[in-house]
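Engineer: here's my sequence, what's the structure:
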Amino acid sequence: MKFLTSRTKKTIGIVLSAALLPGIAMAKLTAEEEAKLGINDTELTPMGAVRAGNAEGTIPAWNSEPMPIPAGGTVDSLADPFADEKPLFTITAQNYTEHMDKLTAGQIGLFKQYPDSYKMHVYPTHRTGAYDKWVYDATMAQAKNVEMCDEYATESKVCLKNNIAGGGIPFPIPKSGAEAAYNHFFSFKGLANDRMINGALIDSNGNRTDVIIRQRTISPYWFSADSEIRSVKWYNRDGIAMLCDSWQVEKPPRSSGLVFGGCNYVNDFDFQTYLYVPGQRRVRKAPEIGFHDSPSFASDGQRTVASRWMHYFGGKHTRFDYAKPVRKEIYVAYNNYKLGNKDLPFDEIFGEEHINPEVVRYELHRVWVLDSTLKEGQRHLYKRHTAYFDEDTWLGVAFEAYDAKDRLWRVGEQYNAFIPGPNVAGPLGDMQVDLINGRYTTFPYWQYQAGKEMGFGGQKVVSKEEDIGFNIDIFTPQGLRKFGRR
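Structural biologist: Now for the predicted structure:
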């Protein structure tokens with residue numbers, strides 16, 4: 001009898017583990033699945049959304065043409081194409097039980113916690129999430145090739161294999177929760193972005209602190225094969241960078257000058273992040289930024305990395321088991337163009353207990369619901385987490401997190417809008433409420449108001465690599481030193 005080599009044993013172990021673990025799909029699109037996807041005349045859109053409307057007519061069919069720029073819109077302020085519409089109805093603490101089948105657990109928790117102030121104005125549904133054709137072509141090409149890496153089945157490593165240049169949503173027909181989570185992370189928000197943002201912090205007494213930050217991002221994963229950025233070693237290691245992000249604090253004065261920059265990669269989801277600390281005048285590695293349940297940067301410890309964009313892996317190896325995603329009709333914040341008006345002041349947005357419901361628009365949409373549970377033997381602030389992703393864009397729209405005692409703890413909603421011109425979709429704001437301590441925070445968005453306050457103007461969404469207007473060295477430890485001040 002021949003003895004197995006250690007390499008052979010490892011290979012057999014990988015195969016057996018992948019076969020025995022439930023809910024993990026390693027296969028790329030089949031020919032039958034591929035035939036269901038397309039820009040026109042198919043059952044599903046290229047993103048995997050159901051093309052048709054619902055039977056009741058309350059959700060319309062999807063239109064593949066990107067929305068034109070409405071009259072009055074500028075690069076510094078969004079125009080609201082639905083400004084003349086009136087709510088169909090309003091959900092309050094007095095009638096929410098009549099709509100329970102289309103509400104999230106987080107929304108129900110907010111109605112119970114704030115019965116006198118929280119409400120939802122529900123408007124007609126508009127499926128505005130339609131990108132330029134190249135985004136869909138990239139998605140179709142990527143989905144034919146990409147797979148979850150073998151190490152996901154054996155060691156819960158967050159990585160892909162066989163991915164190709166040019167971007168694309170990897171799994172438009174998700175077979176597992178991990179695939180749905182990946183789709184959400186890769187949701188297209190532009191090749192690059194440069195903007196002023198505000199991460200408002202509101203305490204239990206309703207007092208607010210505005211944390212104004214300049215944010216710069218690039219998404220090398222979405223760049224073409226001949227891209228110069230893809231040829232730079234820093235962005236092309238470990239299977240290409242998925243996201244490179246940098247925040248430079250402008251206000252409050254005590255934190256001004258603090259800046260970080262870094263990237264995470266297709267085969268290494270840990271953020272390779274570096275921080276410049278003004279008082280020390282040096283750059284140090286900051287592994288805590290972007291890591292699992294560590295406090296989100298500039299959040300006063302009130303939110304974790306795991307709730308960024310309503311869901312985030314947060315590390316090289318996931319600590320959660322994901323249920324298979326399900327599609328459901330839910331009232332979610334959508335088409336929130338009012339929040340993109342630079343003249344809407346912060347005082348009218350931020351209430352004492354939560355975001356002012358008079359400035360938020362809700363619509364009925366089909367969303368993917370992703371439940372996750374902490375793995376046995378792992379540690380995390382959240383024992384359970386549920387995230388909701390828009391089917392047309394894969395953007396996060398809501399989440400709820402539970403503590404170790406299974407109490408509903410933190411709930412959030414994200415205020416997205418499609419931005420015509422660059423033809424991308426993304427958040428204009430969000431809200432995360434701690435139902436236990438009574439505080440709420442916002443992830444740094446509100447880019448049009450923050451841009452006006454700082455004299456920066458609106459966000460600069462980049463659709464072409466040559467239009468990037470900032471120094472991309474800010475994402476590297478060597479280049480970060482150039483940006484430090486004080």
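Engineer: and the helices in the stretch 151-300 of the chain, which stretches?
Structural biologist: 177-185 (DSSP state H, counting those that start in this stretch).
Engineer: what about the strands in it?
Structural biologist: Assigned by DSSP state E, counting those that start in this stretch, the stretch 151-300 of the chain shows strands spanning 160-161, 192-198, 201-202, 208-209, 212-218, 241-251, 259-265, 268-277, 282-285.
Engineer: buried set for stretch 287-296?
Structural biologist: Buried residues in stretch 287-296, counted by 16 or more other C-beta atoms under 10 Å: Ile289, Gly290, Phe291, His292, Asp293, Ser294, Pro295, Ser296. For the C-beta atoms, the positions are set from N, CA and C on the backbone; glycine is no exception.
Engineer: which two in those residues are spaced the farthest apart?
Structural biologist: Ile289 and Asp293 (12.8 Å; C-beta to C-beta).
Engineer: now for these two: what residues contact both?
Structural biologist: Val305 (C-beta atoms under 8 Å, 6 or more residues apart in numbering).
Engineer: how close does Gly351 sit to Tyr448?
Structural biologist: Computed as C-beta to C-beta, to the nearest Å, the Gly351 to Tyr448 distance reads 19 Å.
Engineer: then Ile213?
Structural biologist: 15 Å.
Engineer: out of those two, which sits in the more crowded spot?
Structural biologist: Tyr448 (26 against 23; other C-beta atoms under 10 Å).
Engineer: can you tell me the helix or strand for the more buried one?
Structural biologist: helix 447-453 (DSSP states H and E).
Engineer: repeat that for Ile108.
Structural biologist: helix 105-113.
Engineer: tell me the pLDDT of Ala79.
Structural biologist: Here, the pLDDT recorded for Ala79 equals 96.
Engineer: so it belongs to a strand, correct?
Structural biologist: No: looking at Ala79 with DSSP: H, G, I helix; E, B strand; the rest coil, it is coil, so not inside a strand.
Engineer: which secondary structure state is assigned to Asn40?
Structural biologist: Look at Asn40: counting by three-state DSSP, its state is coil.
Engineer: distance check, it against Gly279.
Structural biologist: Applying C-beta to C-beta to Asn40 and Gly279 gives a distance of 58 Å.
Engineer: what's the answer for Val211, then?
Structural biologist: 18 Å.
Engineer: next: Gln414.
Structural biologist: 34 Å.
Engineer: looking at those two, which one has more neighbours?
Structural biologist: Using other C-beta under 10 Å as the criterion, Gln414 and Gly279 rank with Gln414 on top: 27 against 8.
Engineer: in the stretch 301-450 of the chain, which spans are strands?
Structural biologist: 320-322, 326-333, 362-374, 384-390, 396-402, 408-419, 424-434, 440-441.
Engineer: and of those strands, who's closest to Val232?
Structural biologist: Per C-beta to C-beta, nearest to Val232 of those: strand 424-434, 23.5 Å.
Engineer: that closest one pairs with which strands, parallel or anti?
Structural biologist: Strand 424-434 has the following strand partners under DSSP bridges: strand 408-419 (antiparallel), strand 440-441 (antiparallel).
Engineer: between that strand and helix 105-113, how big is the angle?
Structural biologist: 40 degrees (axes from the mean of the first three to the mean of the last three C-alpha atoms, to 10 degrees).
Engineer: report the backbone C-alpha coordinates of stretch 303-312 in CSV.
Structural biologist: Output of stretch 303-312 as CSV, limited to C-alpha atoms (Å, rounded to 0.1, in the frame of the first residue of the first chain):
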residue,chain,number,x,y,z
ARG,A,303,-20.7,51.5,14.7
THR,A,304,-18.6,48.6,13.5
VAL,A,305,-16.8,48.0,10.3
ALA,A,306,-19.3,45.1,9.8
SER,A,307,-22.1,47.5,9.1
ARG,A,308,-20.4,49.6,6.4
TRP,A,309,-22.8,49.8,3.4
MET,A,310,-25.2,47.7,5.5
HIS,A,311,-22.9,44.7,5.3
TYR,A,312,-19.1,44.1,5.1
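Engineer: ok, and what's touching it?
Structural biologist: 181, 184-185, 187, 289-296, 314, 370, 380-382, 385, 387-389, 395-399, 401, 410, 412, 414, 427, 430, 432, 441, 443.
Engineer: distance from the chain centre to that stretch, please.
Structural biologist: 8 Å (C-alpha atoms, centre = their mean, to the nearest Å).
Engineer: what does stretch 247-265 give?
Structural biologist: 20 Å.
Engineer: pull out the buried positions in that stretch.
Structural biologist: Buried-residue list, stretch 247-265, by 16+ other C-beta under 10 Å: 247-251, 257-265.
Engineer: re earlier: what's the closest of the buried residues of stretch 287-296 to Ala79?
Structural biologist: Closest to Ala79, out of all of the buried residues of stretch 287-296 and judged by C-beta to C-beta, is Ser296, at 31.2 Å.
Engineer: tell me the pLDDT at the closest one?
Structural biologist: Value listed for Ser296 in the pLDDT field: 80.
Engineer: residues in contact with it?
Structural biologist: Taking C-beta under 8 Å, 6+ apart as the test, what Ser296 contacts is Arg303, Thr304, Val305, Ser307, Arg308, Phe443.
Engineer: for those residues, give me TSV that also has distance to Phe470.
Structural biologist: Below are the contacts of Ser296 laid out as TSV (distance: C-beta to C-beta, whole Å):
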residue	distance to Phe470
Arg303	26
Thr304	28
Val305	24
Ser307	27
Arg308	22
Phe443	21
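Engineer: need the pLDDT of Arg303.
Structural biologist: pLDDT, read off for Arg303, is 84.
Engineer: how much space between the residue at minimal distance from the centre of the chain and Glu348?
Structural biologist: Against the mean C-alpha coordinate of the chain, by C-alpha atoms, centre = their mean, the closest residue is Trp309 at 3.2 Å. Per C-beta to C-beta, Trp309 is found 25 Å from Glu348.
Engineer: swap in Asp226?
Structural biologist: 46 Å.
Engineer: give me the more crowded residue out of those two.
Structural biologist: Using other C-beta under 10 Å as the criterion, Asp226 and Glu348 rank with Glu348 on top: 13 against 9.
Engineer: list the contacts of that one.
Structural biologist: So Glu348 contacts Asn356, Val359 (C-beta under 8 Å, 6+ apart).
Engineer: please report how far it lies from Pro124.
Structural biologist: Relative to Pro124, and taking C-beta to C-beta, Glu348 is found at 24 Å.
Engineer: now Gln414
Structural biologist: On the measure of C-beta to C-beta, Gln414 and Pro124 end up 20 Å apart.
Engineer: what do you get for Leu103?
Structural biologist: 18 Å.
Engineer: excluding its backbone neighbours, what's nearest Asn423?
Structural biologist: The spatial neighbour of Asn423 that comes closest, neighbours along the chain excluded (C-beta to C-beta, 6 or more residues apart in numbering), is Pro66 at 4.4 Å.
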